[in-house]
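Visitor: Next input, structure requested:
(chains A and B)
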There are 2 protein chains.
Amino acid sequence: MTRKRINVGLIGLGTVGGGVARLLLEQQRRLSDYLGAELTLARAADRDPALAQGLDLPAGVLVADGAAVVADPQVDIVVELIGGLEPARAFVLAAIAGGKHVATANKALLAHHGREIFLAARQKGVGVAFEASVGGGIPLIRSLREGLAANDISHCLGILNGTCNFILSKMTAEGAAYADVLAQAQQEGYAEADPTFDVAGTDTAHKLAIIAALVTGRQPELNDISTEGITKIAPLDIQLAGEFGFKVKLLAVLRKVGQAVELRVHPTLVPLGHPMASVDGPFNALFVEGDWVGEVLLYGRGAGRRPTASAVVGDVLDLARDVLCGCPGRVPPLGSAAEPEGPLALAPLDQTVCKYYFRFAAQDKPGVLAAISAVLAEHRISIEAVIQKGREEAGPVPIVMLTHEANEAAVQRALARINALPFIAEDTMFIRVAG
Amino acid sequence: MTRKRINVGLIGLGTVGGGVARLLLEQQRRLSDYLGAELTLARAADRDPALAQGLDLPAGVLVADGAAVVADPQVDIVVELIGGLEPARAFVLAAIAGGKHVATANKALLAHHGREIFLAARQKGVGVAFEASVGGGIPLIRSLREGLAANDISHCLGILNGTCNFILSKMTAEGAAYADVLAQAQQEGYAEADPTFDVAGTDTAHKLAIIAALVTGRQPELNDISTEGITKIAPLDIQLAGEFGFKVKLLAVLRKVGQAVELRVHPTLVPLGHPMASVDGPFNALFVEGDWVGEVLLYGRGAGRRPTASAVVGDVLDLARDVLCGCPGRVPPLGSAAEPEGPLALAPLDQTVCKYYFRFAAQDKPGVLAAISAVLAEHRISIEAVIQKGREEAGPVPIVMLTHEANEAAVQRALARINALPFIAEDTMFIRVAG
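Guide: Numbers count the residues shown, from 1 in each chain, chains lettered A, B, ... in the order given. Predicted coordinates for the structure are as follows:
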């Protein structure tokens, strides 16, 4: 009996695309046995034909460009791994329009154009899978979209950018400065030559947008996600956070507050006992709180050729099974069959309530602590702990505080006042604390 | 437009069953919107009719017994939550024979009769889902069966019994004795009146059997899983393990060795830096290593009414979607469409190679350490570290060693020899070390 065949068309043969090609070719037997059909890499393309060399693509697989992959009537599933917005968007929409199913690792594409792509897929009745877009090999999209579907998810915390976590972990372990660790990360391949996209938090915000869409059913506007990166974090902050019992992590935060949702990306003090505090180095994790499941943590390698290829091919197997079972588009892109009405209601950042870490750079004079404390008290910000370090060198002395829960707007007003005080030498460093 | 209806029949209204009934009733709207069809608790039964009181079951839902649920032609999906082997097995097989889909949390049933149940389901073309059977609310079955399907999984470590982990965590935190902590756990509802099933490792072995079936495609014989419980662990072992940099955990271990698989359940020293070391209290976790994904950890509440109901209802939504899409039995019970030939080849325990922790109870005489060391050397067991505690009270003195990697058979022979030495007061305590 000849088995049915599912043909995969691959656009992009870079780090991840090359990994997917290898996995499909090397494990063709295992994957086909699992599926009960021949899973075949039928077409592949990349703008840079040199990337195909070394992949040992069978004759006839390499085609001129992505458009040729998308247009090929034999292709059942298009895997988009070129990244960026265009031409990725055009390829994905063309594939959907042609009745093909799509797997993608492209978080920027989904964060910007998810609504359009998901709507097109639903209208056409095809599947769109994107496990590899967030958290590399960790099966977290599948868990949010299906496994935890019985829950109202009220709270997510994500460590979703390997570059930032690598840098912060290394700064923590070695007491080293941001710039030095960044340079080392660039040498070791953990950071891009231009790291802005990662270290400014943009990549994490893209991933948070995808998680928010899964949790709420609504795609947020990227501009509405308050985003801060890690470039201002000093070794001193990491050291002092440690003395208070915290690690500094770049977190993606989703928190439902009544009918609205807070979405923010910023450096955060995470208590050492929290499971997210031990997610170090290039690892990623998503922490989820649901009304029935309670706390769940999903942890693994968030990037890299092999983990990301694992997620992409997991999606391909899923899409292929839907084709074989005659139920294409079985799972709606965001899990729910319902289309929620109206846009996502976002809670503005200035209504956030959390604890704060402040590091004041003050001239070492009598009355400084009293003056700072008075401004904080005026804004109803109460102090849980203070560390005042002795002067070790010339220059301002750090005064470090951990507050009780306070309102972001009040904090911003208080810090503006404090930063204007004559004995304050630099703008105050503040970091939000995970509850 | 009237939506389609999916009728759920629930057998068992105990802790988990009552939770599932509540979740289906309270969240009927949310779950139905997610599914795009009316998800209805149509029938429910329990041998103890008192359990139905307080659940506010709609009129007509409560029926006489499980047989009435299974026989009802209106029921699409049977949820089996009575636990134990019979009549659970009979109900599940009757449901399958009647073309109904099945969700179950019954790990004992699947560990004993999984082969029979899965075969029946495949032949009938119905779905069997069992996310709740291992790890409570953690979406780990789904991850092994689908999300990580592109991988050859070589190694799993599981903390899968909340009672054992609660007891060991409390012994670690408080330096308390096993019996005292067990009594407290029983008072607080974390341990059964007869805790044997949990503390002897049997429950963990059942769960490991299910994981092994998913990873290898073959159901192991329960008798082939080498199983040790936690009852012999002394506070002194936990304290000394801590001095060596380890925590003591009851682990389920799966390790592929060539063509064979090691399956074992035993107390294990886990290095403090390993992500499994911070899984404390009633939490469960599964650590997975795959050839493409690398390391993945899935963590959450492993038991309890609400987390387990979350997993059961996640499965019900999945099965319901298959019914609605006309693709019942879409995912084979163990994921793979292939039926591997022949039984699972198990690597015998005595071929295991790992590091060991030994605690010798010796009389405090000159030459004792030399004599012990000589026997170990004769069996090619080399020592990485030794702690010899001074005598604090009358009686034997503990000598504690951490070995380099050694072979289990050699260790057993050496310990038999050492235990027979005249100055050894008790059988030597040994604990395997996670690599």
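Visitor: dump the residue contacts of the residue in the stretch 201-350 of chain A that chain B sits nearest to.
Guide: Taking Cβ to the nearest Cβ, chain B has its nearest neighbour within the stretch 201-350 of chain A at A:Ala337, 2.9 Å off. For glycine as for every other residue, the C-beta is placed from the backbone atoms N, C-alpha and C. Contact analysis of A:Ala337 by Cβ atoms under 8 Å, 6 or more residues apart in numbering or on different chains lists B:33-37.
Visitor: got it, and A:Ala414?
Guide: With contacts taken as Cβ under 8 Å, 6+ apart, A:Ala414 has the following neighbours: A:375-376, A:378-379, A:381.
Visitor: Which residue is the nearest non-sequential neighbour of it?
Guide: Nearest in space to A:Ala414, with sequence neighbours left out and distances taken as Cβ to Cβ, 6 or more residues apart in numbering or on different chains, is A:His379 at 4.0 Å.
Visitor: got CSV for the contacts of A:Ala337, with pLDDT, neighbour count and distance to chain A too?
Guide: Formatted as CSV, the entries for the contacts of A:Ala337 read as follows, by pLDDT from 0 to 100; neighbours: other Cβ atoms under 10 Å in any protein chain shown; distance: Cβ to the nearest Cβ, whole Å:
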residue, pLDDT, neighbour count, distance to chain A
B:Asp33, 96, 18, 4
B:Tyr34, 97, 22, 5
B:Leu35, 97, 24, 6
B:Gly36, 97, 16, 3
B:Ala37, 97, 18, 8
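Visitor: quick one: which helix or strand includes the nearest residue to A:Arg305 once chain neighbours are set aside?
Guide: Computed as Cβ to Cβ, 6+ apart, the closest residue to A:Arg305 that is not its neighbour in sequence is A:Gly19, at 3.7 Å. Using DSSP states H and E, A:Gly19 sits in helix A:15-26.
Visitor: Output the helix or strand just after that helix as PDB - backbone C-alpha positions only.
Guide: Scanning forward in sequence from helix A:15-26, with DSSP H and E defining helices and strands, the next element found is helix A:28-35. Included here for helix A:28-35 are C-alpha records, laid out as PDB according to Å, rounded to 0.1, in the frame of the first residue of the first chain:
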ATOM      1  CA  GLN A  28      12.300  11.600   7.000                       C
ATOM      2  CA  ARG A  29      11.700   8.000   7.900                       C
ATOM      3  CA  ARG A  30      10.900   8.700  11.600                       C
ATOM      4  CA  LEU A  31       8.700  11.600  10.900                       C
ATOM      5  CA  SER A  32       6.800   9.800   8.200                       C
ATOM      6  CA  ASP A  33       6.200   6.800  10.400                       C
ATOM      7  CA  TYR A  34       4.900   9.000  13.100                       C
ATOM      8  CA  LEU A  35       2.600  10.700  10.700                       C
END
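Visitor: Tell me the first helix or strand C-terminal of helix A:28-35.
Guide: Moving on from helix A:28-35 towards the C-terminus, the next helix or strand you reach (DSSP H and E) is strand A:38-45.
Visitor: The residue nearest to A:Arg305: neighbouring residues, count only.
Guide: The burial count assigned to A:Gly19 is 23, neighbours taken as other Cβ atoms under 10 Å in any protein chain shown.
Visitor: show me the contacts for it.
Guide: When contacts are counted by Cβ under 8 Å, 6+ apart, A:Gly19 touches A:305-306, A:308-309, B:292.
Visitor: From the chain's centroid, how far away is the longest helix along chain A?
Guide: The helix of greatest length in chain A, counted in residues with DSSP state H as the criterion, is given as helix A:305-324. Helix A:305-324 has its average C-alpha position 20 Å from the chain's average C-alpha position, going by Cα atoms, centre = their mean, to the nearest Å.
Visitor: so what secondary structure elements neighbour that helix?
Guide: With contacts defined as 3 or more Cβ pairs under 8 Å, 6 or more residues apart in numbering or on different chains; DSSP states H and E, the secondary structure elements packing on helix A:305-324 are strand A:5-11, helix A:15-26, helix A:28-35, strand A:38-45, strand A:77-80, strand A:101-104, strand A:128-129.
Visitor: which one of the contacts of A:Ala414 sits closest to chain B?
Guide: Looking at these and their distance to chain B, the nearest is A:Ile381, at 32.4 Å (Cβ to the nearest Cβ).
Visitor: any idea which helix or strand comes after the longest helix of chain A?
Guide: Taking DSSP H and E as the definition, the helix or strand right after helix A:305-324 is strand A:353-362.
Visitor: Kindly format the C-alpha coordinates of that following strand as PDB.
Guide: What follows is the C-alpha trace of strand A:353-362 in PDB, where atoms were taken according to Å, rounded to 0.1, in the frame of the first residue of the first chain:
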ATOM      1  CA  VAL A 353       0.500  49.000  41.000                       C
ATOM      2  CA  CYS A 354       3.700  47.200  42.100                       C
ATOM      3  CA  LYS A 355       6.700  47.400  44.300                       C
ATOM      4  CA  TYR A 356       9.600  49.400  43.100                       C
ATOM      5  CA  TYR A 357      13.400  49.500  43.400                       C
ATOM      6  CA  PHE A 358      14.900  53.000  43.400                       C
ATOM      7  CA  ARG A 359      18.600  53.800  43.200                       C
ATOM      8  CA  PHE A 360      19.200  57.500  44.000                       C
ATOM      9  CA  ALA A 361      22.600  59.000  43.100                       C
ATOM     10  CA  ALA A 362      22.900  61.700  45.800                       C
END
